[in-house]
Each structure stands twice: as structure tokens, then as C-alpha cells.
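Enquirer: Sequence and predicted model, in that order:
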Amino acid sequence: MSEFSVAGRRVTVVGAARSGIAAAELLRARGARVTLTDLRPAIDEGARLERLGVTLALGGHPAGLFDRSDLIVLSPGVPGDRPDLARARAAGVPVIGELELASRWLQGRVIAVTGTKGKSTTTALIGRILQAGGRAAVVGGNIGVPLSAQVAGSTASTIHVVETSSFQLEETETFHPWIAVLLNFSTDHLDRHGTVEAYAAAKRRIFANQTPADWAVVNADDPAVLAMAAGGRAPVVRFALDAPLADGFVVGDGWIVRVERDAATPLVPLSAIHLIGRHLVNDVLAAVAVGTIAGVPAAAMTAAIDGFAGLEHAMERAGTVGRVRFVNDSKATNIEAARRAIESVERGLVPILGGRFKGGDFRGLRDALAGRARAVVAIGEAAPLVREALGDLLPVHDAGSMDEAVRVAFEAAGPEGTVLLAPACASFDMFRDYAERGRRFKEAVARLADPAGP
């Protein structure tokens with residue numbers, strides 16, 4: 001929205017993580033009088049931001065700061081229902097998210113990807129597919145480069161492939177994806193949203209501003225997804241691993257196939273997919289659907305997929321020690337994501353579960369674990385919940401550190417077994433984030449393999 005202007009306005013950015021910092025820099029470049037506030041007493045980028053003219057309010061949010069603002073921009077990690085933000089809203093101060101802010105100045109089109117699981121993999125793969133097809137695609141949002149950092153380089157030919165979380169979507173007003181992708185939906189982030197309904201409402205906002213000239217790409221295997229997309233105005237394109245479709249993207253005879261008006265067109269051979277887990281084929285299906293809408297030839301899509309080994313911390317191969325395989329799925333931060341990861345291993349499994357609980361029920365993993373798991377290793381604050389839910393099904397071993405968890409899981413896995421880090425929880429009780437948790441897992445595996453190593 002080129003008419004949107006912040007020149008000379010007092011804008012407060014709340015939260016000094018990477019998205020908040022990018023928003024502050026963008027706002028300064030657009031002429032705003034910017035204050036960046038955070039609960040932390042200091043940030044690494046502080047001196048640089050001050051040189052740009054950003055005022056820092058660290059160690060807490062000064063009294064009256066929000067009420068004196070002409071606009072408040074929230075980083076995704078800042079809940080929008082804070083009482084001080086509610087007072088500012090009541091006083092007439094607009095409150096928006098960083099995603100919303102940046103989208104108002106983009107010149108190019110947006111492909112937005114959301115879902116409870118698989119967002120990062122799908123977003124990254126769509127970017128590769130578009131680039132292989134000669135499109136000027138930029139990937140970012142909830143992964144990689146914040147959308148605010150993409151505004152300066154945005155042109156009419158740019159396609160912004162944006163991973164969008166529920167935290168980002170809940171503070172959108174005009175955010176308008178050309179293609180909106182909803183991969184799946186299950187209980188998550190109840191520690192932030194409070195109810196499943198509120199979480200679903202945030203996810204559903206990805207479709208809110210679409211028009212009949214846009215596209216909604218949705219998972220036909222997930223009834224909740226179909227219901228959430230039903231109220232939108234954009235034409236719906238379906239993909240499915242299991243549901244029979246008369247029109248959409250499916251798997252058949254070793255291919256990803258486009259089914260349309262009783263005709264079936266093979267697009268990408270399954271042999272080109274090098275990702276662990278059937279659930280990741282679902283993400284590839286979604287990416288192929290988007291690539292097809294964008295006009296990318298099948299050969300280019302196949303080349304992009306064939307060269308894609310997946311993302312770090314998403315069903316990542318982490319090594320083999322004494323015929324025991326290790327897999328890092330630290331991004332599996334909810335029950336449904338952990339279930340899908342567990343189902344990717346046929347037998348001899350020992351998953352590492354636990355962390356800071358976000359909601360759901362560990363008993364939802366029982367069917368997946370039965371017959372394929374030899375034991376479970378429980379870590380973090382949720383360890384008692386893991387034991388209570390699963391202790392009568394199979395042995396549950398507690399571990400106080402990642403090194404101990406890896407060692408205990410290795411011993412329980414036995415010959416030809418698989419140790420899987422799929423915590424079903426957030427990481428903040430023991431680690432800075434899921435990425436640090438995944439790296440610590442891989443480091444522990446490396447030490448197990450070579451105790452005398454560096």
C-alpha cells in the first residue's frame with residue numbers, strides 16, 4: 001500500500017528480536033521517529049541502531065510510551081493482548097505486527113505459507129522451485145530474512161515467499177497473499193493463544209484479504225484445513241496424500257500428479273524426493289501445487305526438489321553410531337509434529353520427548369509409538385507429563401541434559417535402532433531456541449561417536 005506513510009510519526013516497535021530490529025530499521029528509512037523497546041537491558045545491535053537514529057528503551061517498557069505513540073509495531077514474540085497494549089488501543093493508537101507493516105510497502109506479490117507443521121520446509125522448497133523456474137523469488141518471514149528487510153529490494157517482479165506463523169498472522173489487517181498455503185492444523189501454542197479456537201482464528205487470517213484473483217492451496221487430507229479455507233474468496237487448490245481428488249495434486253504410480261477434469265499429468269517423480277518421512281512428501285505436494293500455479297515447468301520443479309536435502313532441525317540426518325541412526329527433528333515442537341516424525345520410523349525407535357509444554361496430550365503419541373518404539377527418553381519440564389502419559393506403554397527414562405538423553409537413548413535403541421529428537425515441546429526451559437536444542441543434540445551425537453574428539 002504505497003499511500004501508507006510514517007514520515008514524522010512517533011512509532012514504537014515492541015520486541016528487539018530480528019523482526020523488531022528489521023522493522024525499526026525500515027521505519028527509520030521511511031522517516032519515522034522510532035523507539036525500540038524490549039524487556040532485555042541490552043541488545044547486541046544497540047549501538048548500530050542508535051547511530052541510525054533509533055531511540056532505545058531497554059530493560060522494560062517505560063510508562064506512557066505506548067499511549068504517546070502514533071503507531072505501535074509488534075515483533076511476533078510479543079502477545080497483542082498485553083494490558084498496556086489494550087490501553088493504547090482504547091486510546092486510539094493503531095497496533096499492528098511486523099508482517100503487516102512490511103507488507104504495506106511491498107511492490108511484489110506474496111506467497112504465504114502457514115500450518116502447524118512443515119512451514120519452513122515448504123517455504124524453502126517453494127523458493128527453490130520458483131528460482132529454478134527463473135522467477136525472482138525471495139524467501140523469508142518467520143525463517144531467514146524478516147519481511148521488513150525485503151522491502152527495499154522489492155520490485156513488481158519480486159515474489160516474496162513468506163513463512164507466516166500464527167503470532168504474525170494474528171496482528172494483520174491488510175496482509176494480502178497472492179497464494180496462501182495452509183498445510184495442516186492441530187493443537188499448538190495454547191500457551192500464547194489460550195484456546196484452539198483463537199489459534200485457528202489467527203491461522204485463518206491468511207485467507208482474510210484474498211480475492212477471486214488469488215489462490216488458496218490447502219491440504220485435503222485435513223478436515224480442519226478445508227473448513228478454515230471454506231469462507232475465503234480465492235479459488236481453492238487441493239493437495240492430498242490419501243484423499244481421492246477429482247481435481248488437485250496427488251501421488252500415484254510413483255509420481256506427484258496433477259489431476260484435472262479426468263486427466264492426470266505426471267509432474268515430479270517421487271524418486272526426486274530425498275527427505276525423511278512420508279509427512280514431508282505432503283510439503284512437497286504443496287510446493288509443487290504452488291509452482292504449477294506460478295507457471296514453473298515440471299522439469300524445473302523436479303530439478304529443484306532433487307537438489308533439496310531438507311532443512312536443519314527438520315528430520316535432519318545427524319549421524320550413525322554403532323549401527324544406531326540419529327535424526328534431529330528439533331523443529332517438532334508440538335504433539336502432532338512429533339507424531340508425524342515418529343511415524344517416519346518403522347521400528348527400533350527411541351524418541352527424545354519433552355521441554356516446555358505448549359498444550360495437547362502426550363497420550364496422542366501412544367498409537368504411533370506402539371510396535372515401533374523400544375523406549376522413550378524424557379527431558380525438561382514436561383518429563384513428568386511424558387512419564388504419566390506413556391509410562392504404562394513402554395519404558396520411560398529421564399535425562400537431565402542433552403548429553404545424557406543421547407547416551408541413554410543410544411543404549412535403549414540397540415542394534416539397527418533409531419534415536420529421534422522430536423520433543424513435542426518448546427525449548428525454552430533448557431535452550432535458547434529449537435535451533436540451539438538441535439545443535440546440542442548433534443554435538444552430543446558427535447561426542448558419543450568420538451569421545452576423545454575436540
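Expert: Good, I have the coordinates. No experiment lies behind these values; they were computed from the predicted model shown.
Enquirer: contacts, neighbours, all on C-alpha from now
Expert: Will do.
Enquirer: What is the least confident helix or strand in the chain?
Expert: helix 190-193 (a mean of 73; mean pLDDT, DSSP states H and E).
Enquirer: That helix: what's the following helix or strand?
Expert: Downstream of helix 190-193, the next assigned helix or strand under DSSP states H and E is helix 196-204.
Enquirer: wait, doesn't Gly348 sit right on Val376?
Expert: No: Gly348 is beyond contact range of Val376, at 11.2 Å (criterion: C-alpha atoms under 8 Å).
Enquirer: With neighbour numbers in mind, choose between the two.
Expert: Val376 (29 against 21; other C-alpha atoms under 10 Å).
Enquirer: Bridging across strands, which residues link to the more buried one?
Expert: Val396 (DSSP bridges).
Enquirer: thinking again about what came up before, now the least confident helix or strand of the chain, how far from the centre of its chain.
Expert: Put simply, helix 190-193 sits 16 Å off its chain's centre (C-alpha atoms, centre = their mean, to the nearest Å).
Enquirer: can I get the CA coordinates of it in PDB?
Expert: Taking C-alpha atoms only, helix 190-193 is exported to PDB below (Å, rounded to 0.1, in the frame of the first residue of the first chain):
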ATOM      1  CA  LEU A 190      -2.100 -22.700  23.600                       C
ATOM      2  CA  ASP A 191       0.400 -21.000  26.000                       C
ATOM      3  CA  ARG A 192       0.100 -18.000  23.700                       C
ATOM      4  CA  HIS A 193      -3.400 -18.200  22.200                       C
END
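Enquirer: elements contacting it?
Expert: helix 196-204 (3 or more C-alpha pairs under 8 Å, 6 or more residues apart in numbering; DSSP states H and E).
Enquirer: Give me the contact list for the helix or strand just after the helix it packs on.
Expert: Later in the chain than helix 196-204, the nearest helix or strand by DSSP H and E is strand 215-219. For strand 215-219, contacts defined as C-alpha atoms under 8 Å, 6 or more residues apart in numbering pick out 178-184, 207, 225-226, 229, 234-240, 286, 289-290.
Enquirer: Repeat the analysis, applying 7 Å as the threshold.
Expert: 178-184, 225-226, 234-240 (C-alpha atoms under 7 Å, 6 or more residues apart in numbering).
Enquirer: Check the offset of it from the chain's centre.
Expert: For strand 215-219 - counting by C-alpha atoms, centre = their mean - the centre lies 17 Å from the chain centre.
Enquirer: Report the distance from whichever helix or strand comes after that strand to the chain centre.
Expert: The first helix or strand that comes after strand 215-219 along the chain, using DSSP H and E, is helix 223-229. Mean-position distance between helix 223-229 and its chain equals 19 Å (C-alpha atoms, centre = their mean).
Enquirer: Export helix 223-229 to PDB, keeping only CA atoms.
Expert: Output of helix 223-229 as PDB, limited to C-alpha atoms (Å, rounded to 0.1, in the frame of the first residue of the first chain):
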ATOM      1  CA  PRO A 223     -10.800 -31.600   7.500                       C
ATOM      2  CA  ALA A 224      -9.900 -28.600   9.700                       C
ATOM      3  CA  VAL A 225      -7.900 -27.000   6.900                       C
ATOM      4  CA  LEU A 226     -10.800 -27.500   4.500                       C
ATOM      5  CA  ALA A 227     -13.200 -25.900   6.900                       C
ATOM      6  CA  MET A 228     -10.800 -22.900   7.500                       C
ATOM      7  CA  ALA A 229     -10.500 -22.200   3.800                       C
END
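Enquirer: in that helix, what's buried?
Expert: Neighbour-count burial for helix 223-229, counted by 16 or more other C-alpha atoms under 10 Å, picks out Val225, Leu226, Met228, Ala229.
Enquirer: Check those against Gly307 and report the nearest one.
Expert: The shortest approach to Gly307 among the buried residues of helix 223-229 belongs to Val225, at 29.4 Å (C-alpha to C-alpha).
Enquirer: Quote the end-to-end distance of stretch 110-124.
Expert: 14 Å (C-alpha to C-alpha, to the nearest Å).
Enquirer: what's in contact with that stretch?
Expert: By C-alpha under 7 Å, 6+ apart, stretch 110-124 touches 139, 143, 159-165, 177-186, 283-284, 287, 310-311, 337.
Enquirer: Buried among the residues you listed? Make that a ChimeraX selection.
Expert: Those of these that count as buried under 16+ other C-alpha under 10 Å are selected in ChimeraX with:
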select :139,143,159,160,161,162,163,164,165,177,178,179,180,181,182,183,184,185,186,283,284,287,310,311,337
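Enquirer: Of all residues in this protein, which one is nearest the centre?
Expert: With distances taken as C-alpha atoms, centre = their mean, Lys119 lies nearest the centre of the chain, 4.3 Å away.
Enquirer: Out of the contacts of strand 215-219, list just those in strands.
Expert: Ile179, Ala180, Val181, Leu182, Val236, Val237, Arg238, Phe239 (DSSP state E).
Enquirer: Which residues does the last one form beta bridges with?
Expert: Beta-bridge partners of Phe239, counted by DSSP bridges, are Asn219, Phe249.
Enquirer: Give me the number of neighbouring residues for it.
Expert: 32.
Enquirer: any weak-confidence spans in the stretch 1-150 of the chain?
Expert: Across the stretch 1-150 of the chain, residues meeting the criterion (pLDDT under 70) sit at 1-2.
Enquirer: all helices for it, in order.
Expert: Taking DSSP state H, counting those that start in this stretch to define them, one finds helices in the stretch 1-150 of the chain at 18-29, 46-51, 83-90, 98-103, 119-132.
Enquirer: which parts of the last one are buried?
Expert: For helix 119-132, a neighbour-count test (16+ other C-alpha under 10 Å) marks 119-132 as buried.
Enquirer: Next up, the contacts around the nearest residue to Leu26 once chain neighbours are set aside.
Expert: Spatial nearest neighbour of Leu26, chain neighbours left out: Ser148 (6.3 Å); criterion: C-alpha to C-alpha, 6 or more residues apart in numbering. Applying C-alpha under 7 Å, 6+ apart to Ser148 gives the contacts Ala22, Ala23, Leu26, Ala102.
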